[in-house]
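**Q** this is a predicted model, with the sequence first.
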Amino acid sequence: MENFTPVSALVGGAIIGGAASLLLLLNGRVAGISGILGGLLTPVRGDIFWRLAFLAGLVIGAFVWTLAVPSAPLTLEAGLPLLIVGGFLTGLGARLGGGCASGHGVCGLGRISKRSIVATLTFMLTCGITVYAIRHGIGG
Amino acid sequence: MTSNATARTLAALACGTLFGFGLAIAQMTNPAKVLAFFDVAAIPSGGWDPSLALVLGGAVAVTLIAFWLIPAPGRKPLLDTGFHLPAKTAIDTPLIAGSAIYGIGWGLVGFCVGPSIAAIGFGDTRVLIFVAAMVAGAWASKGIGRLIAPPASDK
């Protein structure tokens, strides 16, 4: 487990959980990012700017980290076709399933929602199977 | 915008920034890091990276307390008149099918929704391609959702 980074994982995770908790405390919203994005695709007056601001914040937060740690890695193994198919399925599935790793995972598990527990187990399982198929199944 | 709407927008900006910062610290913005967690077949060889479990565990440890303490009856969020919590409780076909599809997309690339948007901050154009395809998929979900589970009445 040479690449295991327990400290940054726990610290980063706690910051993520703290950010989601703050959004609940201040705006009364669940920090489900596919839901925040989805709300922009069927825009409702008065319900747009906070969504744009949150998504812009995600980019800013990661950008600030790259300033602090210029060597922070972003390694994409997927080529262009896989990027497009994977992106499409990620957006489609997250909206159909009513949430993603942030909405069902970080927030839904925190709410002890049965729907979110089922969703999280389901996408963790299919993600694992997909990774196995790519790395060890198809031509592996 | 009313002053409270402005305050909510600023609060969302701050929360999003903190969230993106946390994702980057935890390296969830790095698809290789995410895929290394899901590659459980690498456990025997010692190549497995359990970090993602600690990211999720660390986050949920905090949100468990927040969702337990904050939305108590009679309480309001500081900047809004009420909480906007999901009302659905049914474990239905869209939930299972959507989550299964989402997991496949996640496994193909190693990006999920939030981290891919945050990763735009790394300045790699391939991330923009992924995010554009993801937005297209989210857009398409409305039509496909009706095929899987036709709603009683279209809104």
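**A** Perfect, I can see it now. Since we're looking at a predicted model, the values are computed, not measured.

**Q** and the helices in chain B?
**A** Taking DSSP state H as the test, the helices found in chain B are B:3-25, B:31-38, B:51-69, B:93-109, B:113-118, B:125-148.

**Q** so which of those is the most surrounded?
**A** Mean neighbour counts were compared across those using mean count of other CB atoms under 10 Å in any protein chain shown; the top stretch is helix B:113-118, at a mean of 31. Placement of C-beta: from N, CA and C, glycine included.

**Q** what's that one packed up against?
**A** For helix B:113-118, the helices and strands in contact under the criterion 3 or more CB pairs under 8 Å, 6 or more residues apart in numbering or on different chains; DSSP states H and E are helix A:33-41, helix A:49-68, helix A:80-96, helix B:3-25, helix B:125-148.

**Q** what lies in contact with the helix or strand of chain B with the lowest mean pLDDT?
**A** Across the helices and strands of chain B, the lowest-confidence element by mean pLDDT, DSSP states H and E is helix B:125-148, at a mean of 92. Applying CB atoms under 8 Å, 6 or more residues apart in numbering or on different chains, the external contacts of helix B:125-148 come out as A:34, A:37-38, A:41-42, A:74, A:76, A:80, A:83-96, B:93-94, B:97-98, B:105, B:109, B:111, B:113, B:116-117, B:119-120, B:154.

**Q** quick one, it and helix A:33-41 angle?
**A** Interaxial angle, helix B:125-148 versus helix A:33-41 (axes from the mean of the first three to the mean of the last three CA atoms, to 10 degrees): 80 degrees.

**Q** only C-alpha atoms, please: export helix B:125-148 in CSV.
**A** Once non-C-alpha atoms are left out, helix B:125-148 reads as follows in CSV (Å, rounded to 0.1, in the frame of the first residue of the first chain):
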residue,chain,number,x,y,z
THR,B,125,-8.4,20.7,-21.0
ARG,B,126,-9.3,17.0,-20.9
VAL,B,127,-11.2,17.7,-17.7
LEU,B,128,-13.4,20.2,-19.6
ILE,B,129,-14.2,17.5,-22.1
PHE,B,130,-15.3,15.2,-19.3
VAL,B,131,-17.4,17.9,-17.6
ALA,B,132,-19.1,18.8,-20.9
ALA,B,133,-20.0,15.2,-21.5
MET,B,134,-21.2,14.9,-17.9
VAL,B,135,-23.5,18.0,-18.3
ALA,B,136,-24.9,16.5,-21.6
GLY,B,137,-25.6,13.2,-19.7
ALA,B,138,-27.3,15.1,-16.9
TRP,B,139,-29.4,16.9,-19.5
ALA,B,140,-30.3,13.7,-21.2
SER,B,141,-31.4,12.2,-17.9
LYS,B,142,-34.8,13.9,-18.1
GLY,B,143,-35.9,12.1,-21.2
ILE,B,144,-34.3,8.7,-20.3
GLY,B,145,-35.7,8.9,-16.8
ARG,B,146,-39.2,8.9,-18.3
LEU,B,147,-38.5,5.8,-20.3
ILE,B,148,-37.4,3.9,-17.1
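
**Q** and it with helix B:31-38, angle?
**A** Taking the same axes, to 10 degrees, helix B:125-148 and helix B:31-38 form an angle of 50 degrees between their directions.

**Q** closest to B:V60 out of the helices and strands packed on helix B:113-118?
**A** Between B:V60 and the helices and strands packed on helix B:113-118, the shortest gap by CB to CB is with helix B:3-25, which sits at 13.1 Å.

**Q** and that closest one, what's its mean pLDDT?
**A** Regarding helix B:3-25, the rounded mean pLDDT is 96.

**Q** just stretch B:98-112 next, same as before
**A** Mean per-residue pLDDT for stretch B:98-112: 98.

**Q** what residues are up against B:L64?
**A** Shown in contact with B:L64 (CB under 8 Å, 6+ apart): A:L109, A:G110, A:I112.

**Q** if I pick B:P86, what's in contact with it?
**A** Residues in contact with B:P86, defined by CB under 8 Å, 6+ apart, are A:V30, A:G98, A:G108, A:S113, A:R115.
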